[in-house]
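Novice: How does the following fold in three dimensions:
(one chain, ligands or ions: 2)
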Amino acid sequence: MKNKRSFIKDLSKKQVMEIKGCTDCRECLKHCPVQMVTGNADISTPEKIKIYKEFIDSTDSLKARIFGKKDIDEKLLKDFAEAVFECTTCGACGEICPVGLDTQRLWPALRREMVKRGIGPFGAQREMQKAISDTGNPYNEPAEERFKTWFPDEIKIAEQSEIAYYAGCTGAYEAHPMVRSDVLVLDAIGEPFTMLSADKEVCCGFPLFITGQHEMLEELTNKLVSAYAEKGVRELVCSCPCCVNIMSRDWPIFYGSELPFRIVHISQYVKKALEEGRLKLSKGLKEKIIYHDPCYLSRGVGVIEEPREVLRHIDGAELIEFDAHGRNSRCCGAGGAARKIFHENAIAMGRLTIDEAVEKGADRLVLSCPACYAKVNEAMKGHKKQITIVDIMELISECI
Ligand code: SF4
Ligand code: SF4
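Specialist: Residues are numbered from 1 along each chain as shown. Ligands and ions are numbered 1, 2, ... in the order given. Alright, predicted model coming up:
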């Protein structure tokens with residue numbers, strides 16, 4: 001009976017309508033990074049949607065209700081699950097879709113459905129839940145190491161403050177120059193800010209959300225929200241777009257009400273400080289820089305202009321754009337935890353970003369996401385084209 005479970009029970013009405021609405025126009029294939037590096041149309045958005053429609057027809061249609069639900073072929077189900085987990089959940093297909101499928105939200109919902117059926121997550125994704133439960137982070141690194149190697153000794157953290165900084169697991173364990181620079185810039189702004197201790201700053205839940213493993217999400221959310229509320233926080237600053245995304249869009253659902261504080265990406269916070277004159281850049285840069293929009297920041301929460309406005313404050317810097325930028329940006333390869341199982345795809349996607357940045361004559365490639373930072377740096381290793389990668393706050397801290 002496992003496969004006779006409803007395929008629409010846990011989807012929103014809008015998501016069911018979206019699935020029904022796909023016209024198979026195939027416009028989205030040209031914008032999908034997985035298609036760009038694999039060329040495998042069998043795992044494209046319209047193919048996955050077509051199969052899911054068949055699943056729905058087998059168990060949830062009028063015919064199924066009258067004549068009984070049909071068994072779903074186990075192999076078809078498994079192949080579908082793998083295709084959904086190979087996607088980076090970047091949402092580029094949805095952005096271009098004339099029907100308006102919100103695929104950045106739809107794919108995680110379908111992944112959760114697969115997990116509920118016992119198919120997926122895959123490979124290393126399966127270990128994340130235990131790792132987070134044991135250590136507070138999906139990398140299974142010791143909690144006490146969270147801030148140790150990168151946090152600048154000279155910076156003092158307030159015990160209580162209306163402003164808090166959340167470093168996030170990927171920044172804290174995989175993108176040290178990025179989180180170190182965040183803290184240096186926050187300190188230069190001069191407003192006291194607080195942080196949780198290394199054992200209390202646990203995962204925001206995004207890696208579990210995106211891989212359809214929802215069991216711990218309420219617990220993680222409640223733990224973090226109460227800890228920040230106890231510190232009197234009114235504004236929580238994060239540098240990871242995935243943290244910003246889940247905190248602002250999904251935490252209120254897991255928490256059961258509006259959060260007692262606002263969530264902002266560090267580029268939004270720093271932009272305001274620059275405009276109000278609380279942060280001044282004393283040095284300029286005579287170079288051409290290219291900025292990559294992280295999918296969960298641009299398409300996810302619409303933070304597109306703020307990072308650019310921050311970069312425009314750098315005297316002498318010339319900001320250039322990727323062909324696909326803003327809401328249409330191309331995933332760097334790190335999205336959706338797909339990199340944990342489809343490593344070669346992720347590297348190939350990272351290299352597309354590197355190649356375009358080099359071809360456009362940029363001196364440095366500016367990122368604003370720790371997952372992009374870690375993955376594009378990894379893609380650079382052994383690659384024929386090379387460019388210096390820098391996080392947006394790393395660049396700003398150079399100019400202070
Ligand atoms: S979300 Fe991104 S990776 Fe997934 S199918 Fe759409 S365009 Fe491709
Ligand atoms: S662009 Fe939209 S309607 Fe067209 S195939 Fe892709 S998902 Fe379906």
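Novice: give me the element the nearest residue to residue 36 once chain neighbours are set aside is part of.
Specialist: With CB to CB, 6 or more residues apart in numbering as the criterion, residue 36 has its nearest non-adjacent residue at 6.5 Å, and that residue is residue 352. All C-beta spots, glycine's among them, are computed from the backbone N, C-alpha and C. Using DSSP states H and E, residue 352 maps to helix 343-359.
Novice: does that helix come close to ligand 1?
Specialist: No - Helix 343-359 stays clear of ligand 1 (CB under 6 Å from any ligand atom), getting no nearer than 8.9 Å.
Novice: That helix: which residues count as buried?
Specialist: Within helix 343-359, the residues scored as buried using 16 or more other CB atoms under 10 Å are 345-354, 356-358.
Novice: Quick one: residues in contact with it.
Specialist: 33-34, 36-38, 86, 88, 290, 292, 322-323, 330-334, 338-339, 365, 375-376, 378-380, 383, 385-387 (CB atoms under 8 Å, 6 or more residues apart in numbering).
Novice: Check which helices and strands the helix or strand just after it sits against.
Specialist: Going down the chain from helix 343-359, the next helix or strand is strand 364-367, by DSSP H and E. Contacts defined by 3 or more CB pairs under 8 Å, 6 or more residues apart in numbering; DSSP states H and E place strand 364-367 against strand 288-291, helix 343-359, helix 370-380, strand 388-391, helix 392-399.
Novice: Using TSV, lay out these together with mean pLDDT.
Specialist: Output for the helices and strands packed on strand 364-367, formatted as TSV (pLDDT from 0 to 100):
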stretch	mean pLDDT
strand 288-291	98
helix 343-359	96
helix 370-380	93
strand 388-391	97
helix 392-399	97
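Novice: quick one on the thing from earlier: which one of the buried residues of helix 343-359 is nearest to residue 75?
Specialist: Checking the buried residues of helix 343-359 against residue 75 with CB to CB, the nearest one is residue 345 at 22.1 Å.
Novice: pLDDT below threshold where in this protein?
Specialist: 1-3 (pLDDT under 70).
Novice: Now do the domain split for it, please.
Specialist: The chain breaks down by automatic domain parsing into domains covering 2-120, 124-272, 281-399.
Novice: Does the residue lying closest to residue 269 once chain neighbours are set aside lie in a helix or a strand, and which?
Specialist: Counting by CB to CB, 6+ apart, residue 269 lies nearest to residue 237, which is 4.9 Å off, once chain neighbours are set aside. Using DSSP H and E, residue 237 falls within strand 235-238.
Novice: who touches that strand?
Specialist: So strand 235-238 is contacted by 162-166, 168, 182, 186, 193, 204, 228, 244, 247, 261-266, 269 (CB under 8 Å, 6+ apart).
Novice: among these, which are in helices?
Specialist: 182, 186, 228, 244, 266, 269 (DSSP state H).
Novice: Identify, from those residues, the entry nearest to residue 213.
Specialist: Here the nearest of the ones in helices among the contacts of strand 235-238 to residue 213, counting by CB to CB, is residue 244; it sits at 20.4 Å.
Novice: burial of that closest one, as a residue count?
Specialist: 30 (other CB atoms under 10 Å).
Novice: Tell me if I'm right that it and residue 297 touch.
Specialist: Yes - with contacts counted by CB atoms under 8 Å, residue 244 reaches residue 297, the gap being 6.7 Å.
Novice: which SSE is the most centrally placed residue in the chain in?
Specialist: In the chain, the C-alpha nearest the mean C-alpha coordinate belongs to residue 242, at 3.4 Å (CA atoms, centre = their mean). Using DSSP H and E, residue 242 maps to helix 241-245.
Novice: what's that helix packed up against?
Specialist: helix 206-210, strand 262-265, helix 295-301.
Novice: Try it again at 6 Å.
Specialist: Here helix 241-245 touches helix 295-301, going by 3 or more CB pairs under 6 Å, 6 or more residues apart in numbering; DSSP states H and E.
Novice: The helix it packs on near ligand 1 at all?
Specialist: No - if you take CB under 6 Å from any ligand atom as the test, helix 295-301 misses ligand 1, and the best it gets is 7.6 Å.
Novice: Go through the helix or strand just after that helix and flag the buried ones.
Specialist: Scanning forward in sequence from helix 295-301 by DSSP H and E, the next helix or strand is helix 305-312. Counting neighbours by 16+ other CB under 10 Å, one finds that the buried residues in helix 305-312 are 306, 307, 308, 309, 310, 311.
Novice: and the angle for helix 305-312 with helix 392-399?
Specialist: Between helix 305-312 and helix 392-399, the angle comes out at 20 degrees (axes from the mean of the first three to the mean of the last three CA atoms, to 10 degrees).
Novice: which residues touch residue 327?
Specialist: 95, 298, 299 (CB atoms under 6 Å, 6 or more residues apart in numbering).
Novice: pretty sure the second one contacts residue 306?
Specialist: No - contact criterion CB atoms under 6 Å: residue 298 and residue 306 do not qualify, at 10.5 Å.
Novice: Check the spacing between residue 298 and residue 29 real quick.
Specialist: For residue 298, the distance to residue 29 equals 21 Å [CB to CB, to the nearest Å].
Novice: go on, residue 167?
Specialist: Distance from residue 167 to residue 29, by CB to CB: 37 Å.
Novice: Among the two, which residue is more densely surrounded?
Specialist: residue 167 (28 against 18).
Novice: and the residue of the stretch 251-400 of the chain nearest ligand 2?
Specialist: Taking CB to the nearest ligand atom, ligand 2 has its nearest neighbour within the stretch 251-400 of the chain at residue 328, 13.2 Å off.
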